[in-house]
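Q: sequence first, then the predicted structure:
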Amino acid sequence: MPKVYDDDAREQIDKVVRESTRGIRSDVLNKGRWHKKGGGGGSGSIIRFRITASFFCGDCFVVAQVISLPAGRSAASLPDIDTEDNNSVLVYDKTGCFFNEPPEDLVNRIGFAEYMNHLEDGPCPDTFGELWTVISLCCNEDVCGV
């Protein structure tokens with residue numbers, strides 16, 4: 001014969017099921033706290049940068065200085081930012097369509113980059129894994145007339 005639960009027991013079971021579908025258990029980082037799944041997406045690791053050096057037209061990366069950080073974060077708390085070198089960072093163009101200009105035209109341009117995990121290299125050979133990846137780049141003042 002199936003077990004019959006009273007209303008309090010059913011309510012407790014429903015609560016556990018709801019919580020387990022909304023969250024994941026994280027024993028490593030937060031010692032057993034529950035975290036919501038889904039939501040806004042991404043890690044919140046987006047920076048605004050100014051390009052300080054570019055070497056070859058169409059190169060897969062530039063050297064940049066971080067000029068804005070996510071609210072509540074420090075440069076030292078974000079990966080691959082050299083706080084001892086004026087917050088410099090390598091920013092990669094994994095699509096091949098942002099840094100395809102002469103290097104002198106890229107210097108001092110401002111853009112945004114997100115820390116992303118790349119599963120394939122695309123137009124940039126040997127650039128797998130987690131990298132700061134350009135997601136937006138302001139146009140050149142001479143080109144736009146701004």
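A: Looks like it came in fine.
Q: what about stretch 56-66, start to end distance?
A: Its first and final residues considered, stretch 56-66 spans 21 Å by Cα to Cα, to the nearest Å.
Q: what's it in contact with?
A: Identification of contacts with stretch 56-66 by Cβ atoms under 8 Å, 6 or more residues apart in numbering yields 47-54, 75, 78, 81, 86-94, 96, 99-103, 106, 111, 113, 123-124, 127. C-betas here are computed from N, CA, C, even on glycine.
Q: at 6 Å instead, please
A: Stretch 56-66 has contacts (Cβ atoms under 6 Å, 6 or more residues apart in numbering) with 47, 49-54, 75, 81, 86-93, 99-100, 102, 124.
Q: could you do stretch 98-106 as well?
A: 51, 54-55, 57-59, 62, 93, 134, 137, 140.
Q: from the residues you listed, keep the buried residues only.
A: 51, 54, 62, 93, 134, 137 (16 or more other Cβ atoms under 10 Å).
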